[in-house]
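Colleague: Need coordinates for the below:
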Amino acid sequence: MTVAWGCNSLLGAGLPVLAQGEVSQDLEQAWSLAVARDGQGTLWAAWEVDNGHDTEIYTAQWTGRDWSGAGPALQRPEAWDGAPSLAVAADGTLWLAWSSTLRSSPEKTRIYASRWTGDRWSSAEVLPEGTAFGDCASCGHATEPALAAAPDGTMWAAWVGADGQEENIFAQRWSGGVWSQPRQVSAGDGSPLLYDRQPQLAVGEDGRPWIAWTGNQADSDGVPIPGDDEIYASRWTGDAWTPEQMVSRDDESLDTAPSLALDAQGQAWIAWQARVTEDTVSRLRVIVSHWDASRQAWAVERIASSPLAAEVDEVHPTLAPAGSGSMQVAWEATSASGPALGYARRGDTGWSVPRLVASAASDGISAGGEARLVAGDGEEAILWLDPLPQGPLPVQRFDVPLEEDNSLASWLIAQPADVQATTVDPWPYRFLAFGDSITWGHYPVDDPVQDPFYPYPSILQDTLQLRALINYNVVNAGEPGERTLDGANRIKMEVQEYRPKYILIMEGTNDVSKGVPPAEVYDSLVLMLANAAKHSGVEGVKVMMASIIPRLDGAARFEQTRLMNELAIMKVAADKGLHLANQWQAFLDYGDWQSLMWDDKHPDQAGLELIARTFYDRIILGWAAFVQEETVPPTTWIEPLPATSPCSGVAVAWDGTDAMNWVVDYDVQVQVNLGAWTDWLMGTTEKNGVYSGGREGDQIGFRVRGRDLVGNQGEYSAAVSTTITDDSLPEAQVLPLPAFQAIPFTVSWQGTDACGSIAGYNVQYRFGLGGTWVDWLTSTPNTSASFNPASPVYGETVYFRAQARDQAGNWSPWSPEVSTLLARYTVGGQVVNIRHQPVLGATTSLNPAAMATLPQPGGRFLALLANGGTYEIATQRDALFGSLPPMKNVEVNENVAGLLFVLPPKDDAVLNGDFEAGSLDGWTPAGTSLPTLSGQAHTGDGAARLDAAGGNSSLSQAINPASGAGPVYLSLLARPEQPGETGELKIVLSNGGSFDPPITHTLSLAGDGWTHAWYEIGDLQGEAVTVTLEASGSPAILLDEVSVGTAVPGGTWAYLPLTLKQ
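Modeller: Now for the predicted structure:
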């Protein structure tokens, strides 16, 4: 069974710097061709298709005349699927295996298998990995599967397993129900830098498989030998795999891309590509060896393709037995003018003369394709997978050539001679940017929404033309889909045509996609460098290598890219002493490098700019003796300023010139009165601005420096200065006043000036709108004062205005007027409930009427009066409280404060508690001196007088409070009749129930004010209680506003002491 290798293209967008040959603009690329013939004799082909954003497995069937049914085998947009392999089981069932990385878990790559059911492919089944990666189910990568069927119905699979420490070949078999646990076939190398790749699998009639693969060679210290891969093989004994054997000759040169087949006797044959060197001639040839059962050893390797003298490289062989039983091989022959497909057959005397099957000129095949030999059912043909398909199907079919005169040698003779170019003077200021589609950069193609990107060679040319001393140009020599071996041939034509002095090489991404080992890429890059030097005809041509950028299609591809850089690209640069533009590291150092990607492999515009910048930085650093940056800084200046400038703003302008490009931004500094320079505008792209930080009399200086496109920064220019003059008027403002005020009160004002501080104020006032303005304060530096005029007009509105003077002597206009209504006196008090809790929302009125009555916090009020006199004050809080008589005969000849109003409860149970009935009705008087009425009331017209100077005097009343409304309180106001006297009032609560024995409270009275006292009686639940108020052995006491009821809160809770002195 044979396996051929294909090509993944990287695409690009933008316009080339110089006109060049057309390149393919097909977005889809194809590689990894696999073929098999099912139980009905139908020929099947499978291959991988990549559009940059996804990879899928496609299949098609040969009808005898054409291909049909081409399309995705299993639609799996959730995964990257690649590297298909086909095999037909003994019962005729077609099997398909491939490697897959789920987008949801890109850190893991697995092998999947499916079977053709007759009309569709079965659901994908993952192959078990057993202990191939230890006990970690999420570790390791399984890639590059190969399938082969045994006559007993067993299906065998071989694949590459990488666990981050080493790569090995594993194999397992399906025995009709389940897959066995995989076994390691190759020997462990113990190094992450050594690898085993490209497994090939074939099973003989005895049911025992052979495996061949490519293995990396190391020196005695375990360090990989650049460009030295070898071919290895092992076979299954029935119980175990034999120790690996080296098939190729250990000559420290390249041996890769094996193809394995078994002849009619079941002996293994292996063809591969090898670098063959004799004297000064070194070329790639197809080598064949076979297993010699009699010697139990591999036969001496032989060249099966063209003689070494033929000027062509021959690569990627495909091997299969012919219908006659002889072995046959096909391969790709590469030259600078295009590829060809070669073929040879094994005869009794050796390999036949190579024959020509197809060529680029006659059949349109593209470099980097894959060939597969097909034999059986009387049919011998060669299938060719074109990596850049021009139609819907990339597979072409060619008959095996039988004409002896259709030789490959004749095609070779017709090719242009590969001779060294005549040495000429190079185009001294030209770069050649050589690479794949990342270099080409003209992607996306034919996108109706997005224009193609601007390629990195164009960006690099723009940068060089702006920043270097010489006007360089950069040729875009990017070719989509190119692998390094094809590039090694193409570079001949590019350097011959453009004769560059400097060559930038960035290739290898397609080799990673195709599964090309690093040693083969190393070999191709060495050949590329030799061809560039040989064919450019330029003395001392300078070459710079570049590592390839990371990619998004899974951790396996990411790791393979890292190894490609380390073992091939960076190694070539180091071995050849070339400068390296480390694009890989530049992307990783960016941080969120994933945001720089347009698809899985191609950078977006920001990524292309990073590539150009990395090349430029390395060019300037590495080739400083040849490519020099402009280092002369720009010259800048401040435009002349007038001798004086207004403080409202100094209009400053500046400019600059540069020898090669232009000034990209400026730093402008300012200096005040010859002090320190401070930053004003830094990094500005503007060329003018207005500075507004000056004060009257300040000398303001300005200076500027600039930076050009390269980053050269000049010195600060000579200073230019101006002196600030204050030509603007200040502004003044009187701060708002309350609507009403009693004198004295504070008036405040303020002012602002654009150029400095305020030196002084004038403040005026007037009474009424028609009044005359009176100077109050003149040139005062203060911003507030107490207003207490000698001749106030009470009840009239007083107006204030101010004007400000700045340091320059400029006076502002008079400010807007601010007013307040002038009161002569104020009367203040508080409204509470029977528990002395503030009552909010009470309405207080005066008779005669006040100018205004203003509510204050805590149930308080403040009445403003234009005149003194005797006033009556009433307060109420409807719906919540009972009625309170007005406070009468309040004399106002100064400000009055501290008046107290106790609103009785709505459910007041006391009769005639305010003593406003004109008698003591409702009360029972007693004592040696009976109580009488007094006109010295707290509110209303009457109060009770208890005179106990010679004995006692009391009032009592049986009360029936409402039940169920909550605790009941007794409230009263009392005072000594005469100012300065003291006395005591006893409060006795009694009944035959809750107050048996009675409860007595003693209230001490002193001074000339009324005292509010309250007592909790409790929830009597319908019980009557007798309240007795008694004075004994004390001067006369006045009593008013006795009430019993529930204490409705007045809008806020405030728990106060039992007794308050007013």
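
Colleague: all contacts plus neighbour counts: C-alpha atoms, from now on.
Modeller: Noted.

Colleague: show me where this protein has helices.
Modeller: Assigned by DSSP state H, the chain shows helices spanning 360-363, 408-414, 437-440, 456-467, 484-498, 509-514, 518-536, 555-564, 570-576, 583-590, 605-622.

Colleague: quick one: which of those helices is nearest Ser191?
Modeller: Of all the helices of the chain, it is helix 555-564 that lies closest to Ser191, at 12.1 Å by Cα to Cα.

Colleague: just to revisit the earlier point, which among the helices of the chain is found nearest to Asn788?
Modeller: Per Cα to Cα, nearest to Asn788 of the helices of the chain: helix 583-590, 74.1 Å.

Colleague: Where does the prediction get shaky in the stretch 151-300 of the chain?
Modeller: Counting by pLDDT under 70, not a single residue of the stretch 151-300 of the chain qualifies.

Colleague: quick one: which of the helices of the chain is nearest Thr778?
Modeller: helix 456-467 (67.7 Å).

Colleague: Which elements pack onto that closest one?
Modeller: strand 473-478, helix 605-622 (3 or more Cα pairs under 8 Å, 6 or more residues apart in numbering; DSSP states H and E).

Colleague: and the angle from that helix to helix 605-622?
Modeller: 50 degrees (axes from the mean of the first three to the mean of the last three Cα atoms, to 10 degrees).

Colleague: tell me the angle of helix 456-467 relative to strand 473-478?
Modeller: Computed by the same axes, to 10 degrees, the angle separating helix 456-467 from strand 473-478 equals 170 degrees.

Colleague: for this structure, what are the low-confidence residue spans?
Modeller: 1-27, 336, 377-378, 389-392, 403-405, 416-426, 964-965, 1020-1021, 1050-1062.

Colleague: ok, the spatially most central residue of the chain to Ala586 distance?
Modeller: Geometric centre of the chain, nearest residue: Asp592, 9.0 Å, by Cα atoms, centre = their mean. The gap separating Asp592 from Ala586 is 11 Å, by Cα to Cα, to the nearest Å.

Colleague: Same check on Ile231?
Modeller: Ile231 is 36 Å from Ala586, by Cα to Cα.

Colleague: Same drill for these two, tell me which one is more crowded.
Modeller: The residue with more neighbours, out of Ile231 and Ala586, is Ile231; 29 against 18, by other Cα atoms under 10 Å.

Colleague: Pull the number of nearby residues for the residue nearest to that one when sequence neighbours are not counted.
Modeller: With sequence-adjacent residues excluded and distances taken as Cα to Cα, 6 or more residues apart in numbering, Ile231 is closest to Thr214, at 4.8 Å. As a burial measure, Thr214 scores 26 neighbours (other Cα under 10 Å).

Colleague: again, but for Glu482
Modeller: Glu482 - counted by other Cα under 10 Å - has 29 other residues nearby.

Colleague: just Gln465 next, same as before
Modeller: So Gln465, with other Cα under 10 Å, has 18 neighbours.

Colleague: Count the neighbours of the closest residue to Ile758 other than its chain neighbours for me.
Modeller: Spatial nearest neighbour of Ile758, chain neighbours left out: Asp806 (4.5 Å); criterion: Cα to Cα, 6+ apart. The number of residues packed near Asp806 is 25, by other Cα under 10 Å.

Colleague: How about the contacts made by Ser1043?
Modeller: Ser1043 is in contact with 834, 904-905, 908-910, 913, 970-972, counting by Cα atoms under 8 Å, 6 or more residues apart in numbering.

Colleague: ok, now with 6 Å
Modeller: 908, 910, 913, 970-971 (Cα atoms under 6 Å, 6 or more residues apart in numbering).
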